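K.L.:
Next one to model:
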Amino acid sequence: SSSIATPGTKPLKIAVTYVPAGAATALFEGLEIGGQVQASGPFGRFCLQPGDANARYLLIATGTGVTPYRAMLSQLEALIGERGVEVVLMFGARNPDELLYGDEFRAFADAHPGHFRFVPCFSRALPADPHPDVRHGYVQQFLSEFAPDPARDVAYLCGNPNMVDACFEALKEAGLEVKAIRREKYVSSK
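P.N.:
Got it, this is the predicted structure:
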């Protein structure tokens, strides 16, 4: 599976997960350096919606599923400035080496204190000197810590299907309407 990491007309960066027998995996494995692919889109609704009036976004991801959130950073920065929106980004990875764009998310959090929290959740190994927002375990274990609130939250879920399903059920149990929970499942070999 793959995701667009940077919007606009400049060259695009994509993040790709290896999936045995996956169509994108086969395409990229056989591509020579400098080779070209044809693409169309984007399609779907996994982006920030202009009509949202929520006070907080809960962005939850595993693996390359975090890529769409990186593409949302400039829009989120504008929403922080316009209406003081809050954002919690929970990102599940096995270890610090797999924390895609981790330095960028931490820098964004540091630049927007009180409005953007970056919460890496490591299922296996922790960093040597973990930030106070680092958690040891799976993202779905820590979702309740952020008290999902149907009166103020819109949630995005992207990544491992098991995580997406578990968090979707937890958010519904917390009272969020299905329309306030936006999902993308990525099939992964991990």
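K.L.:
what's the neighbour count on the residue lying closest to A174 once chain neighbours are set aside?
P.N.:
Of all residues beyond its chain neighbours, the one nearest A174 is P148 (4.0 Å), with distances taken as CB to CB, 6 or more residues apart in numbering. C-beta coordinates here come from the backbone N, C-alpha and C atoms, glycine included. When neighbours are counted by other CB atoms under 10 Å, P148 registers 23.
K.L.:
check which helix or strand covers Q36.
P.N.:
When elements are assigned from DSSP states H and E, Q36 belongs to no helix and no strand.
K.L.:
Tally up the residues packed near it, please.
P.N.:
7.
K.L.:
quick one, phi psi at it?
P.N.:
With angles defined as degrees, to the nearest 10, Q36 sits at phi -120, psi 150.
K.L.:
how about the residue positioned nearest the centre of the chain, what does it touch?
P.N.:
Taking CA atoms, centre = their mean as the criterion, V66 is the residue nearest the geometric centre of the chain, at 3.0 Å. Neighbouring residues of V66 by CB atoms under 8 Å, 6 or more residues apart in numbering: 89, 91, 100-101, 105, 158-159.
K.L.:
The residue nearest to A174 against A155, yeah?
P.N.:
Yes - assessed by CB atoms under 8 Å, P148 is found in contact with A155 at 6.8 Å.
K.L.:
quick one: F91 is in a strand?
P.N.:
Yes - assessed with DSSP: H, G, I helix; E, B strand; the rest coil, F91 lies in a strand.
K.L.:
Show me what it is bridged to.
P.N.:
Beta-bridge pairing of F91 under DSSP bridges involves A61, P120.
K.L.:
What is the helix ranked longest in the chain packed up against?
P.N.:
The longest helix of the chain (DSSP state H) is helix 161-173. Contact partners of helix 161-173 among helices and strands, from 3 or more CB pairs under 8 Å, 6 or more residues apart in numbering; DSSP states H and E: strand 56-62, helix 139-142, strand 153-159, strand 181-185.
K.L.:
Please work out which of these is packed deepest.
P.N.:
Greatest average neighbour count among those goes to strand 56-62 (a mean of 26), per mean count of other CB atoms under 10 Å.
K.L.:
That strand vs strand 153-159, what angle?
P.N.:
Angle of strand 56-62 versus strand 153-159, following axes from the mean of the first three to the mean of the last three CA atoms, to 10 degrees, is 10 degrees.
K.L.:
So which elements touch strand 56-62?
P.N.:
Judged by 3+ CB pairs under 8 Å, 6+ apart, the packing partners of strand 56-62 are strand 86-93, helix 139-142, strand 153-159, helix 161-173.
K.L.:
distance of D52 from G92?
P.N.:
D52 is 24 Å from G92, where distance means CB to CB, to the nearest Å.
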